[in-house]
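> Provided below are the primary sequence and the corresponding predicted coordinates.
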Amino acid sequence: MAGDISLGLPGIVLQETLSGIRSEKQFADLERRLLTSFSIIPASVTDHVEAARLKNTYLDKGLNVSGIDCLIAVAAIAGDHELFAADADFPAIARCAPLKLYRGVV
């Protein structure tokens, strides 16, 4: 049951989700919904360093994954969380890092 699952939202995803909303009313409504529905997971300095390290690992392999996606992946890995994502970078990241992708039914 979905209500039994604790859901977290990396701070960078909160920022990206709210970016570009021009209506202050829509912005405020979405901000309120996100902040009351999810635990916001802030990135630490260590998370940023590990995200850079992870991105460099992929660059060394000739692959280019988003630095922001690496930060999101590191947050999930550090917290031993499953990541729900539709972005193609995450399965690629999971092939070389201990990233667990959520495979449940939504």
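It's in.
> going forward, measure contacts between C-alpha atoms and count neighbours the same way
OK.
> Need the residues that contact the particular helix or strand that has Arg32 in it.
Arg32 belongs to helix 24-37 when assigned by DSSP states H and E. For helix 24-37, the external contacting residues (C-alpha atoms under 8 Å, 6 or more residues apart in numbering) are Leu7, Leu14, Leu18, Ile21.
> The second one: how many residues sit nearby?
When neighbours are counted by other C-alpha atoms under 10 Å, Leu14 registers 18.
> Within the helices and strands, which one has it?
Leu14 belongs to helix 11-18, assigned by DSSP H and E.
> now that helix against helix 24-37, angle please.
150 degrees (axes from the mean of the first three to the mean of the last three C-alpha atoms, to 10 degrees).
> Summarise which helices and strands the next helix or strand after the helix holding Arg32 is packed against.
Counting by DSSP H and E, the element after helix 24-37 in chain order, helix or strand, is strand 39-41. Using 3 or more C-alpha pairs under 8 Å, 6 or more residues apart in numbering; DSSP states H and E, the elements in contact with strand 39-41 are strand 8-10, helix 11-18.
> For the longest one, which helices and strands make contact with it?
Meaning helix 11-18. Short answer (3+ C-alpha pairs under 8 Å, 6+ apart): helix 11-18 packs on helix 24-37, strand 39-41, helix 67-78.
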